[in-house]
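Attaching a predicted model along with its sequence, questions to come.
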Amino acid sequence: MLMLLNVGRSELPPEMEPIQIMKSLFLYAMKYNPKDFYHFEPGLYGPISYEVYEHLRKLISEDLIMTKPAPGKSWPLYTLTSKGKRMAEELGERYPGVASDLLKVKKEVMKRSFLDLLHFIYSRYPNYASKSIIRFPQGGDR
Amino acid sequence: MTLIIALLCKEGIVMASDGQSTVWSAGGPPIRIPSQKIFPIGNKMLFAASGTVGIIQQAKRIMSAFEQDADRGFSYELVDKIRQNLFRVFQQELQRHKTFWKGTGYEKVEHAPTADILLAYCECKTGRPCTELVHITRDAFYETLTEQGFATTGIGDIFAYTILGNYYRKDIDISRGIILAYRVIKTAIETGAWGLGEPIDIWTLTCDGPKRIKGPELDAVRDAYGAWMEAERSIFYETTSSYSR
């Protein structure tokens, strides 16, 4: 989580929306199949992991990440604290391959609008869209 | 101040409220405190109330005494017993209020402390939920709102009627019901200025009994609501066109 929030900070916004975090970690799990990672299941807006939410809460309580209000949005933005940034940088140096893979998925996610992101994921992983409250016509382009 | 809503859904009932109450400090202005407004009564009933905190506390104690009766099954005799007990409390408080404030101009009925109560009931019969919604008013009159499918109490109910009028239908599944309930309370908190406040409290009542949505599950509801809003905004701006007169 800390590494995800830290990678690409020079070229991408320093904050992430919760759905961007969730979908980045999901794409990372699907593409790279890491061991001992978050478990994803079909949720109301596609793949979801309650462990991700638990982890976000834990990292806030440990002063490693913080939230900021997102104007006009119902969710907060998540960003690293200075303590979290130091820890993320140490992790990045220790695991450069993971940081590089996380950056790839983060770029894939951050360049898309909200609906484009959902469509991108639902079209590739339709099993995870089965409980979604947002549906797209099959084969429909956006 | 308070807003509470209850929705009948395919799999049971969703109840949601805001999370703040207004209480009177001694000699000072009213203050806002965090407050739980929805409570399970046994395994088949949820109780919620708007109104004066002290009366709600008394009403909750009365309700707790009916826990075993409620678990045995719903009946209008049970509702009537509850109503009669609440009536005694409401009436005593009204008399106390009128006696105490007599001659000051503040003794009017509308200033008396009272409570407006919602009861939601869900019992599983042959694998299917049978649900009831009962509204007990501040004068202990009661009405069933099961046919209507939803009920509200509290000051922000105009938001509830507006949003539910647009989106609620009786065959709504409980996952959508949760997000719809979240939207009603969130909109009222964000738009209204009457002392409504976070945290949003959501309960479900199904064949599995009462369950509070909290922690990571509530975070997921917040984001599902956010996803709905994003989709709605996109549809409005992407699928409608502008024109100049």
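Good, I have the coordinates.

hey, where'd the helices end up in the chain?
You didn't pick a chain, so chain A it is. For chain A, helices defined by DSSP state H occupy the ranges A:2-6, A:18-32, A:50-61, A:82-94, A:96-110, A:114-124.

let's do chain B instead
B:53-65, B:67-72, B:76-101, B:157-167, B:174-191, B:216-239.

hmm, who's touching the fifth one?
Spelled out, that is helix B:174-191. Contact partners of helix B:174-191, identified using C-beta atoms under 8 Å, 6 or more residues apart in numbering or on different chains, comprise A:44, A:74, A:131, A:133, B:3, B:5, B:7, B:9-12, B:14-18, B:156, B:159-160, B:163-164, B:167-168, B:172, B:196-198, B:200, B:202, B:204, B:206, B:213, B:221-222, B:224-225, B:228. From N, CA and C alone the C-beta is placed, and that goes for glycine too.

Which of the residues you listed fall in strands?
Counted as lying in strands by DSSP state E, out of the contacts of helix B:174-191, are B:3, B:5, B:7, B:9, B:12, B:14-17, B:202, B:204, B:206, B:213.

Could you work out the most separated pair of those?
Maximum pairwise distance in the ones in strands among the contacts of helix B:174-191, criterion C-beta to C-beta, is 22.9 Å, between B:3 and B:206.

Test my guess that residue B:12 contacts residue B:209.
No. Here residue B:12 lies out of contact with residue B:209, judged by C-beta atoms under 8 Å, at a distance of 9.5 Å.

These two: who's more crowded?
For residue B:12 versus residue B:209, neighbours defined as other C-beta atoms under 10 Å in any protein chain shown are more numerous around residue B:12 (24 against 15).

So which residues on chain B come close to chain A?
Residues of chain B that fall close to chain A, judged by C-beta under 8 Å from any C-beta of the partner chain: B:175-176, B:179, B:186, B:215-217, B:219-231, B:234.

let's see 10 Å
B:173, B:175-176, B:178-179, B:182-183, B:186-187, B:190, B:215-235, B:238 (C-beta under 10 Å from any C-beta of the partner chain).

Spell out which parts of chain A neighbour chain B.
Counting by C-beta under 10 Å from any C-beta, chain A sits next to chain B at A:17-19, A:21-22, A:43-46, A:48-57, A:70, A:72-76, A:113-118, A:131-135, A:142.

What's the PyMOL syntax to select whichever of those are buried?
Selection of buried members from the residues of chain A next to chain B for PyMOL, criterion 16 or more other C-beta atoms under 10 Å in any protein chain shown:
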select buried, chain A and resi 17+18+19+21+22+43+44+45+46+48+49+50+52+53+55+56+74+75+76+114+115+117+118+132+133+134
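
just checking, residue B:204 touches residue B:8?
No. Applying C-beta atoms under 10 Å as the test, residue B:204 and residue B:8 come out as separate, 11.7 Å apart.

Which neighbours do those two have in common?
B:14, B:120, B:122, B:174, B:177 (C-beta atoms under 10 Å, 6 or more residues apart in numbering or on different chains).
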